[in-house]
Structure formats: structure tokens, C-alpha cells
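1. coordinates for the following, if possible.
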Amino acid sequence: MTKLSVNINKIATIRNARGGNIPDVKLAAIKCEQFGAHGITVHPRPDERHIKYQDVFDIKSVISVEFNIEGYPSEKFMNLVTTVKPTQVTLVPDPPDALTSNAGWNIAKNLIFLKEIITTLHKHNIRTSVFVETDLDNICLAKETGTDRIELYTEPYARLFENDKVKAVEPFIRAAEVANKIGLGVNAGHDLNLQNLRYFVKNVPYVLEVSIGHALISDALYFGLEKTIKLYLEELKLN
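-> Okay, the predicted model is just below:
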């Protein structure tokens, strides 16, 4: 079964809108684990507009499931993750002012940089994943960075899904097959939801983990967090 990692950034966004500690991000992480999530994902940004750096330490201390920290590998970010030592670090090419992740790495332009970053993370026994699109040459080059996994950027799939699901999923099938063939694990994330998730994991092979935040937290406003996580877990059960 593909694992579900719940991205709780949006819970922090709501908290930060009013200050204080409601909703409690640490408690949300605990509840996600209790409700069956296989992992917790956060993406601390330099301006701390949602997840704050202190949240990362707080969450690490209260969960036992996999902890995935996403971010651009700035010096501040690297100091954070090499101190916290999460299960996985997902490297994204976001500039500091990006609203959300909206593109994968151009590996050729960043090969040496990524090699150095991943070598450092491996010295701290942190699994690595590199955020990429479905370009096959780019994925093959990702192998040279030393990364353990790639995370497929799935917004293009989600955008096309309603109009042509077969066409939407085809490049992701090829990307996953190539990644597996060259020894890279496959994660996926961005705009996956209750409508498109099952079709994705049913058709795209070798997907180890999906990271879902915006849609899942939005659904929780209607269904409650416990029921929502169970709904997403059901979508991942293909038997």
C-alpha cells in the first residue's frame, strides 16, 4: 500500500492568522498519527508564514511515524534538518517568495549543488527525495545526485484529470517505470485529492508515498480530520 503523509502546513496557516496556538499544530500532528497517517510532512519557509521552525522541533518530539521535511536547501534549512534529523528531506527548488511548489528541479543546472546537499544529508542518515517533473532525461540525471527517491510533481496530472485522465496519467507511468528501473524510489505530491488519488496510485506503479496537504485539510473542514484521513487511506487501498 502506498503510504500517506499528511502535510499540515495549512493548519499552521490558520493558527498564524490569529496568533496564539489555535489550532495546535503539534496536536494536529499527534492526531494525524492516531487517525492512521503513515507520516507527517511540513514545509518550513524562510518567512515562517505557516510552519515555523520551532514547530519542526515540536512535531519531531511527539510523533513516531515518518517525518518528512520539504524545502529549499538554504543554509538555514540545512541547519534545521541536520539538527532535527527527520526520516526524509524532500528538496524543492522554490524561491523564498513562492506561494507553493510549482516546478521540479532542473537537475542538469543544479547537479553539483544537489550532490553536495544530498551527501551532507546522507552523512546524517536522512533519506532524500528530489522534487521533479516527468521529463525522463531529468529523472535519469537525478540518479547522479545520489538521491534515494524522487517526488513526482503531480499538479499537471490533477489539472488534466477531469478532461482526460488517461492522457493525464501517462507521463507519470513512464516516469515511475524509469525511476524504478534505475533504482530510485518514487513519491508523489501536489493537488492530489479524493477525486484523483485512487486512479493515480492504481495506474502509476512503484509509488511508495504520497504527500497531501491542501486538499486533505480542506476536506477535513467538512468531514473532520479523523474521517478525512480514513477516506484518503481508503483511496490508497487497491485490493
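2. how much space separates residue 165 from residue 173?
-> With distances taken as C-beta to C-beta, to the nearest Å, residue 165 is found 12 Å from residue 173. No exception for glycine: its C-beta is placed from N, CA and C like everyone else's.
3. which neighbours do those two have in common?
-> With contacts defined as C-beta atoms under 8 Å, 6 or more residues apart in numbering, no residue is shared by residue 165 and residue 173.
4. which residues in this structure form strands?
-> With DSSP state E, the ranges of strands along the chain come out as 3-7, 39-42, 66-71, 88-91, 127-132, 149-153, 185-189, 207-212.
5. ok, the residue most central in space within the chain - contacts?
-> Centroid-nearest residue in the chain: residue 211, 4.0 Å away (criterion: C-alpha atoms, centre = their mean). Applying C-beta under 8 Å, 6+ apart, we find residue 211 in contact with 5-7, 39, 41, 68, 70, 90, 151, 187-189.
6. out of the strands of the chain, which is closest to residue 218?
-> Proximity to residue 218, assessed across these by C-beta to C-beta, is greatest for strand 207-212 (10.4 Å).
7. buried ones in the closest one?
-> For strand 207-212, the neighbour count (16 or more other C-beta atoms under 10 Å) marks 207, 209-212 as buried.
8. ok, that strand: who's next to it in the sheet?
-> Here strand 207-212 is paired, per DSSP bridges, with strand 3-7 (parallel), strand 185-189 (parallel).
9. residue contacts, the residue lying closest to residue 184 once chain neighbours are set aside?
-> Closest residue to residue 184 apart from its sequence neighbours, by C-beta to C-beta, 6 or more residues apart in numbering: residue 150 at 5.4 Å. Counting by C-beta under 8 Å, 6+ apart, residue 150 makes contact with 129-132, 139, 142, 179, 184-187.
10. OK, contacts around residue 197?
-> Residue 197 is in contact with 210, 212, 232, 235-236, counting by C-beta under 8 Å, 6+ apart.
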